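J.: here's my sequence, what's the structure:
(chains A and B)
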Amino acid sequence: MNQVHWSDVMAQRLAERGQDHIVATGITPSGEFHIGHLREILTGDMIVRAARKAGLKAQLVFVVDNADPLRKVYPFLSDAYQAFIGHQLGSIPAPDNDGHPDWKRFETEGRSYADHFLEPFLEALAQIGVHPTLLPNLDAYQSGKFAASTKRACDDPAAIREIIERVSGRELPESWFPWQPLDSQGSLDGVSVTGYEYPLVHWTDAHGVEGSSDITKGEGKLPWRLDWPAKWGFNGITCEPFGKDHGAAGGSYDTGKEIARFFGHEPPLPLTYEWISLRGQGAMSSSTGNTVGPIEALALVPPEILRFLIANSKPNKAIEFDTGMGLVNLADEFERWSARDLEAELSDASLSRRQRVQLEDSAAALALASPDIEKAVSATSVSFRHLALLAQIKTSDAEVWASLAASHNVEDPTDELRDRLRRMRTWIDSTHFPEEMRITVLSTPSKQALEALSPELRPVIKHLHVALSDHPWTNEGITAAFKFAAESSQTSMRQLYRTCYAVFMGQERGPRLGPILANCDRTTMLDLTLACSQMV
RNA sequence: GGGCCUGUAGCUCAGUCAGGUAGAGCGUCGGACUUUUAAUCCGAUGGUCGCGGGUUCGAACCCCGUCGGGCCCGCCA
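T.: Next comes the predicted model:
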């Protein structure tokens, strides 16, 4: 069988390199995590799954870059963080609700800035079925794992400098040294290296203080372009997906490749992926607050839908995340696919190569979408659209299940379905829910909708008003009134409904009106109908 | 300046690596269900594959050029 899904292609390439694999992902916990970061880790997770499917041994690791310094005081931080700029994220206190440093928890529990942002992300990962081995980078420095590579670099800074300058095309300052020592205050900024005798790097800091940094004890860190290839080595990384920022020519992967070999190991198999942007708002960025967090996204959609989004998009394809109609369409697409018997469809010998590839690709994406690798997500047979509708009309869950029992043969709602309804209600209450999907009954006539109505339908409104006035204000009564109005005005039911939607909802189509109108005030609705009939 | 990704049906995208009759889903339109809980089912509609050249018996696919979109080359997934 051909390898069609991107994850299978990666697995195949890994198989050519060996049997044992460690797939790495890495993120700097400098601010709130967002679904862009989810692409990083899910891409890794899916490669691991594909590799195991191909009979390889594979493990997912998540390098937490908590040795990276705080770059600036982000909008969600108080000015107190000014003092921490340049300090490592794993060694400064987390912000509290007001953005002030929470010294108490930092001192009693050791809860760092990095932990603060990492925790909710890990929670989201658990929900989404990703269970990576965590590798906090600060610990790696402190336990001396970087020592060997660091020594290699510090023993021959010119070689490293040559690689970076040649490959990236940028010139490094004269003072550049392949180790950034922590200064007298614990900052990585503004430190000048004055000498090196293994294992000590001597420095003078911005405060005029002099000191020495032991590279085997993590009293500093490697610059990013060395940090990355160094940890490929001691962690035995064989594959790593990364964002396009690292993948650019002359970027950190390019220099990393050569530096890794200088350190004495092969670089991992790369996979560059595109970024996720928010529809209409550009790239997501933790620092600007232009984000949708994984937790927030999971409150709205089930994990399998998020996984499906990543699995079904080729890594080099930019994703526009849309919490409105895009999500509805995505969810319904997932639902349709999972309801199909792809196995059976693929056994059809008359399929063209093209059709076959498409089916196989979707089948692979669908399998990867399940948070639980052991079990495929079963089709709920209820579309997102339909559930959105029911959730708006029925106030209690019991009514929703009763309706589904009648219309969709759902006797006993599965846990999956209950879960979906719960998320659906959250979504409807949020600002993300698309207006297009929102059921609104008008209180004043929609001039626009009435004008859009074909001329021969306008007189029908009068019949409608009469019929509604004469029938009981119940679901059955209203439905009977519709029928009566259609007969007395010689209109087909289809056309009558079109008229009704224009009158009551200002739209061309909509859900069954009987039950909805029955929940509305009779007088208000009759007044609305009358007003409409007088307008046309 | 250097480089990467991208342009295929109204929309979202497969198909490009291994050239062989242009594919899905959505949407739209029509029909069915004695008309609809935006449902479901059936059917139809729809593309000079950005543009121009070249290679080839044959090009969406390979090569050259060109235009448009996104992005990277200090940090960012």
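
J.: in which helix or strand would I find the residue of the stretch 401-536 of chain A found nearest RNA strand B?
T.: Using Cβ to the nearest atom of the strand, the single residue of the stretch 401-536 of chain A nearest to RNA strand B is A:Tyr497, 2.5 Å away. Bear in mind the C-beta positions are built from the backbone N, C-alpha and C, glycine included. Using DSSP states H and E, A:Tyr497 sits in helix A:493-504.

J.: quick one: average pLDDT of the helix or strand following that helix?
T.: Counting by DSSP H and E, the next helix or strand C-terminal to helix A:493-504 is helix A:513-518. When pLDDT is averaged over helix A:513-518, the result is 81.

J.: so which elements touch helix A:513-518?
T.: Applying 3 or more Cβ pairs under 8 Å, 6 or more residues apart in numbering; DSSP states H and E, one finds that helix A:513-518 contacts helix A:475-488, helix A:493-504.

J.: could you pull out the strands in the stretch 201-350 of chain A for me?
T.: Assigned by DSSP state E, counting those that start in this stretch, the stretch 201-350 of chain A shows strands spanning A:210-214, A:220-221, A:239-243, A:269-273, A:276-278, A:282-283, A:319-321.

J.: can you put those strands in JSON lines and add mean neighbour count, distance to A:Arg509 and mean pLDDT?
T.: Below are the strands of the stretch 201-350 of chain A laid out as JSON lines (neighbours: other Cβ atoms under 10 Å; distance: least, Cβ to Cβ, whole Å; pLDDT from 0 to 100):
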{"stretch": "strand A:210-214", "mean neighbour count": "16", "distance to A:Arg509": "70", "mean pLDDT": "95"}
{"stretch": "strand A:220-221", "mean neighbour count": "25", "distance to A:Arg509": "60", "mean pLDDT": "94"}
{"stretch": "strand A:239-243", "mean neighbour count": "24", "distance to A:Arg509": "42", "mean pLDDT": "92"}
{"stretch": "strand A:269-273", "mean neighbour count": "19", "distance to A:Arg509": "39", "mean pLDDT": "90"}
{"stretch": "strand A:276-278", "mean neighbour count": "20", "distance to A:Arg509": "29", "mean pLDDT": "81"}
{"stretch": "strand A:282-283", "mean neighbour count": "12", "distance to A:Arg509": "34", "mean pLDDT": "66"}
{"stretch": "strand A:319-321", "mean neighbour count": "18", "distance to A:Arg509": "27", "mean pLDDT": "85"}
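
J.: Throw those into CSV and include distance to RNA strand B, thanks.
T.: Formatted as CSV, these follow (distance: least, Cβ to the nearest atom of the strand, whole Å):
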stretch, distance to RNA strand B
strand A:210-214, 20
strand A:220-221, 12
strand A:239-243, 2
strand A:269-273, 7
strand A:276-278, 4
strand A:282-283, 5
strand A:319-321, 7
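
J.: for the stretch 401-536 of chain A, what lies in contact range of RNA strand B?
T.: Counting by Cβ under 7 Å from any atom of the strand, the stretch 401-536 of chain A comes close to RNA strand B at A:403, A:406-407, A:437-439, A:492-494, A:497, A:500, A:505, A:507, A:509-513, A:515.

J.: one step back: which stretch among the helices and strands packed on helix A:513-518 comes nearest A:Ile428?
T.: Ranking the helices and strands packed on helix A:513-518 by proximity to A:Ile428 (Cβ to Cβ) places helix A:493-504 first, at 19.9 Å.

J.: no further questions, thank you.
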